[in-house]
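Enquirer: Based on what follows, work out the 3D shape:
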Amino acid sequence: MYQDTGSQNRPEPYLQQEDATLLTLIQEGDEHAMALLYDRYSRVVYSVALRVLCNPASAEDVLQEVFMRIWRSPSGFTASRGNLGGCLAVVSRNRPLVSLDATAPPNKSTKWSCRRSMTWPSKQSTTA
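Expert: Numbering: from 1, shown residues only. Model prediction:
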């Protein structure tokens, strides 16, 4: 699974930076800024991808792909699109769906098959 890069050991100015500032630093090649951004949002990206794919290895692939996309093109993620966390959640949801659509047989959707097979806990009465 993903690993925390230890952003708590970063210099204080990094910890207080807003996402837009971190993206600007990443555009300049700042690895510490990238590590901090990863620590902030890797759980969200992984969780969303895992929920869509129901496969930890595939979710890790999406996690890596999303953050490599940020590293290669941080200008693609701008404040005008809204909250970076929300944007990354949407990207991590849509990326696996594109892959699933590409590999699905015609007329058969496999996107939500894992959700259909999930069982929800039954409501238990609170009265004795």
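
Enquirer: And the helices in this protein?
Expert: 12-15, 19-27, 31-53, 56-72, 84-103, 113-117 (DSSP state H).

Enquirer: Ok, which of the ones you listed comes nearest residue 78?
Expert: Comparison of the helices of the chain against residue 78 by C-beta to C-beta identifies helix 19-27 as nearest, at 7.9 Å. All C-beta spots, glycine's among them, are computed from the backbone N, C-alpha and C.

Enquirer: If you count neighbours, what's buried in that closest one?
Expert: 19, 22, 23, 25, 26 (16 or more other C-beta atoms under 10 Å).

Enquirer: and what of stretch 29-43?
Expert: 30, 32, 33, 34, 35, 36, 37, 38, 39, 41, 42.

Enquirer: go on, stretch 69-80?
Expert: Result for stretch 69-80 [16+ other C-beta under 10 Å]: buried residues 70, 74, 77.

Enquirer: circling back: got the buried residues of stretch 29-43 as a markdown table, with pLDDT and distance to residue 90 columns?
Expert: Listed next are those as a markdown table, based on pLDDT from 0 to 100; distance: C-beta to C-beta, whole Å:
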| residue | pLDDT | distance to residue 90 |
| --- | --- | --- |
| 30 | 95 | 25 |
| 32 | 93 | 26 |
| 33 | 94 | 22 |
| 34 | 96 | 20 |
| 35 | 95 | 23 |
| 36 | 95 | 21 |
| 37 | 95 | 16 |
| 38 | 96 | 18 |
| 39 | 95 | 20 |
| 41 | 95 | 12 |
| 42 | 96 | 16 |
